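Engineer: Give the three-dimensional model of this entry:
(one chain, ligands or ions: 1)
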Amino acid sequence: MFLSTHALAGIIISQHFTNVPVALGLGVLSHYILDMIPHGDERLGAWVKEKFIRRFALTFLTDLGFLALFVYTVHVTGDWPLPNVALAAIVGAVLPDLIWAVYDAYRVLLIKHFPRATKIIQDVTRLESFFNHHERLHRWFHAYIEKRLTFKVGLAVQVILAGGLLYLSVHP
Ligand SMILES: [Zn+2]
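Structural biologist: Residues are numbered from 1 along each chain as shown. Predicted coordinates for the structure are as follows:
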């Protein structure tokens, strides 16, 4: 799911709570709940990796563009939440995907090229088992509703979802 959609959920949370740790926790929770909605982009990662730099830039900038649009809309139409609470909720809302991205980089770059360093890191921090546990949890939510959508249908679902969230964010 687009990170901007997740971030938008974070903005809504921060409009209703003023406590930073609560906003962060609810942000994380909102990520898993949104991921349960079938959204058809399971193969987007593989597609991006085929031509990584170009396609990553494309998807990243699209996402960033939508985030800017959402932030701008909430700014001019709704009441903008406390900045530190908003930041905490947004970070929480995108955190599971960030962990996943770091894990991906860890596997692709570190394990492949620096297996010794990886072993030391694993022995000292049990980082890998944390990643593994998180991956399983993340996947569980993604697969909870077993409905695979095509990319186009998934995109339509995401547009409707983001539209609904945007409506909620400007009518807090
Ligand atoms: Zn996710």
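Engineer: Please tell me how far the residue of the chain most remote from its centre sits from Ile53.
Structural biologist: Computed with Cα atoms, centre = their mean, the residue of the chain farthest from its C-alpha average is Arg116, at 30.7 Å. Plainly put, Arg116 is 28 Å away from Ile53 if you go by Cβ to Cβ, to the nearest Å. From N, CA and C alone the C-beta is placed, and that goes for glycine too.
Engineer: returning to that earlier point: can you point out the buried residues in the helix or strand harbouring the residue farthest from the centre of the chain?
Structural biologist: Assigned by DSSP states H and E, Arg116 belongs to helix 115-125. By neighbour count on 16 or more other Cβ atoms under 10 Å, the buried set for helix 115-125 is Thr118, Ile121.
Engineer: outside of that helix, which residues touch it?
Structural biologist: With contact meaning Cβ atoms under 8 Å, 6 or more residues apart in numbering, helix 115-125 is reached by Tyr106, Leu110, Ile111, Leu127, Glu128, Ser129.
Engineer: All the helices of the chain, residue numbers only.
Structural biologist: Secondary structure of the chain (DSSP state H): helices at 3-16, 20-35, 44-50, 52-77, 83-105, 112-113, 115-125, 127-142, 151-170.
Engineer: and those helices, which is most packed in?
Structural biologist: helix 3-16 (a mean of 24; mean count of other Cβ atoms under 10 Å).
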